[in-house]
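K.L.:
Sequence first, then the predicted structure:
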Amino acid sequence: MSNFTFTPALSREFRPCKPDPAPLLHICSSWQFDPNEVIMVGDSLKDDITCGKRAGAFTCLLDETGRYTSSDFAKLDLKPDFQVSSLAEIHSLLETNFDLTP
């Protein structure tokens, strides 16, 4: 990862904040990617996954503790495209499901 520079870095002060898609759309614009070319990974179904879905991105819920159940998905009428239980799973998820060639 030493070859990558992660900018912009958005803090909690960025407005509007998640679940509004503006933060993710801002990053996509800065990187010159369409939202359907990125994946929003987050640990909050309500904030992160909603933000990604509203932006038109792929979404991945990082649920390390198993806190989310199918009733949580039904309550929000929302289901992430992918769900993992550890950060380590994200690399293989990306390699398996996406073309990562530049």
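P.N.:
Great, that's in hand.
K.L.:
in what helix or strand does Gln83 lie?
P.N.:
For Gln83, the host element (DSSP states H and E) is strand 82-84.
K.L.:
Report all helices and strands that that strand contacts.
P.N.:
strand 58-62, helix 88-97 (3 or more CB pairs under 8 Å, 6 or more residues apart in numbering; DSSP states H and E). Just so you know, the C-beta spots here come from the backbone N, C-alpha and C atoms, and that holds for glycine as well.
K.L.:
what about 10 Å?
P.N.:
Contacts defined by 3 or more CB pairs under 10 Å, 6 or more residues apart in numbering; DSSP states H and E place strand 82-84 against strand 39-42, strand 58-62, helix 88-97.
K.L.:
Adjacent strands (with direction) for the second one?
P.N.:
Think strand 58-62. strand 39-42 (parallel), strand 82-84 (parallel) (DSSP bridges).
K.L.:
could the ones you listed go into CSV alongside distance to Gly52?
P.N.:
Shown next, in CSV, are the strands paired with strand 58-62 (distance: least, CB to CB, whole Å):
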stretch, distance to Gly52
strand 39-42, 3
strand 82-84, 11
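K.L.:
among the ones you listed, which is the most enclosed?
P.N.:
Per-stretch averages of neighbours, counted by mean count of other CB atoms under 10 Å, single out strand 39-42 among the strands paired with strand 58-62, with a mean of 20.
K.L.:
Just checking, which helix or strand succeeds that one along the chain?
P.N.:
Counting by DSSP H and E, what follows strand 39-42 is helix 50-55.
K.L.:
Output that following helix as CSV - backbone C-alpha positions only.
P.N.:
Output in CSV follows, covering the C-alpha atoms of helix 50-55 (Å, rounded to 0.1, in the frame of the first residue of the first chain):
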residue,chain,number,x,y,z
THR,A,50,-26.8,3.8,2.8
CYS,A,51,-24.2,6.3,1.6
GLY,A,52,-22.7,3.8,-0.8
LYS,A,53,-26.1,2.7,-2.2
ARG,A,54,-27.3,6.3,-2.6
ALA,A,55,-24.1,7.2,-4.5
